[in-house]
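Peer 1: sequence unknown, structure follows:
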């Protein structure tokens, strides 16, 4: 059985979801919705799908099985709630919610296991292997680094970007959230965090932070460090590393390394693709397919919001929300 998906928002991430829906065995790209009629019509024409101009219109269409929420951050919770109460399945882009109250409402309502959240980097082969290794190791320390480039042109491409009211944060909630998520899956729930949020290079462009650094203590006893900025001169490969009693395991440049003394071994090597955003992976197709395959068979795993609770709690702790 195949399920019809409708993408809410015809912005920058629309194509990732559209192509993922087309590629899946159990998914059909049925429609696109945007309040900007021109954007919706353009996307609908390109993919030969139905155009909607309001979210309520989508929810009334019985042929829509799954909504893909790809809207500005501040709209995510409201749309999740309305979709679930309307009987639709939900895939939501990160961040799934923007404050603790929204997170707890979803968990307390029992919706966490129903919602798929796009922490798609979890599906990268090296990351999956890193998770597997972490389960068997005593992890003493973990660190994550992200140094990317976002300029005035990027933030001016949409009025919600870089705003406290609509994006609800900067580099942490939009770019480094994936790095934070990988660290949270490996190290578990945090116990305490001390962080600095600053705007070093984009102070006249955005209201939010362009740089974050954090020292994290996890309940497992692991110590963590996170550094992220969008003020670097290019988009470099992000970096996650943990140290165990046995060795250092490092993921960067699409490779997973095991470092023990003077020995350096490549455990997993991902196939890379050419393209503007090759530096962050191509996990959308896998993550979307996992969810639709689960809907079709009732078996297998997908990236549920429940599995991302530790990530979101740490995110809110860094923002002191």
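Peer 2: Happy to help now that I have it. Values in this document were obtained by computation on a predicted structure and should not be read as measured data.
Peer 1: Quick check: closest non-adjacent residue to the most centrally placed residue in the chain.
Peer 2: Residue closest to the mean C-alpha point of the chain, counted by Cα atoms, centre = their mean, is residue 119 at 3.5 Å. Distances taken as Cβ to Cβ, 6 or more residues apart in numbering place residue 181 nearest to residue 119, at 4.7 Å, with adjacent residues excluded. Every residue, glycine included, has its C-beta placed from N, CA and C.
Peer 1: hey, where'd the strands end up in the stretch 151-300 of the chain?
Peer 2: Assigned by DSSP state E, counting those that start in this stretch, the stretch 151-300 of the chain shows strands spanning 190-198, 211-218, 223-229, 239-244, 248-252, 255-260, 263-269.
Peer 1: mind giving me CSV with the ones you listed and columns for mean pLDDT, distance to residue 313 and mean neighbour count?
Peer 2: Output for those, formatted as CSV (pLDDT from 0 to 100; distance: least, Cβ to Cβ, whole Å; neighbours: other Cβ atoms under 10 Å):
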stretch, mean pLDDT, distance to residue 313, mean neighbour count
strand 190-198, 98, 7, 15
strand 211-218, 98, 12, 20
strand 223-229, 98, 14, 20
strand 239-244, 97, 19, 20
strand 248-252, 97, 23, 20
strand 255-260, 97, 27, 16
strand 263-269, 95, 29, 12
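Peer 1: who wins for proximity to residue 11 among the ones you listed?
Peer 2: Set against residue 11 and scored by Cβ to Cβ, the strands of the stretch 151-300 of the chain come closest in strand 223-229, at 22.4 Å.
Peer 1: tell me what the closest one is packed against?
Peer 2: With contacts taken as 3 or more Cβ pairs under 8 Å, 6 or more residues apart in numbering; DSSP states H and E, strand 223-229 sits against strand 139-147, helix 171-174, helix 177-187, strand 211-218.
Peer 1: want to throw those into a markdown table with distance to residue 22?
Peer 2: Listed next are the helices and strands packed on strand 223-229 as a markdown table, based on distance: least, Cβ to Cβ, whole Å:
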| stretch | distance to residue 22 |
| --- | --- |
| strand 139-147 | 30 |
| helix 171-174 | 26 |
| helix 177-187 | 24 |
| strand 211-218 | 36 |
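Peer 1: which parts of the top helix by length along the chain are buried?
Peer 2: The helix that spans the most residues within the chain, counting by DSSP state H, is helix 284-297. By neighbour count with 16 or more other Cβ atoms under 10 Å, helix 284-297 contains the buried residues 284-296.
Peer 1: Return the distance of that helix from the chain's centre.
Peer 2: How far helix 284-297 lies from its chain's middle: 16 Å, per Cα atoms, centre = their mean, to the nearest Å.
Peer 1: and the following helix or strand past that helix with strand 211-218, angle?
Peer 2: Where DSSP states H and E defines the elements, the next helix or strand beyond helix 284-297 is helix 309-319. Angle, helix 309-319 to strand 211-218, by axes from the mean of the first three to the mean of the last three Cα atoms, to 10 degrees: 120 degrees.
Peer 1: Which neighbouring elements make contact with helix 309-319?
Peer 2: Where contact means 3+ Cβ pairs under 8 Å, 6+ apart, helix 309-319 is packed against helix 100-108, helix 171-174, helix 177-187, strand 190-198, strand 211-218.
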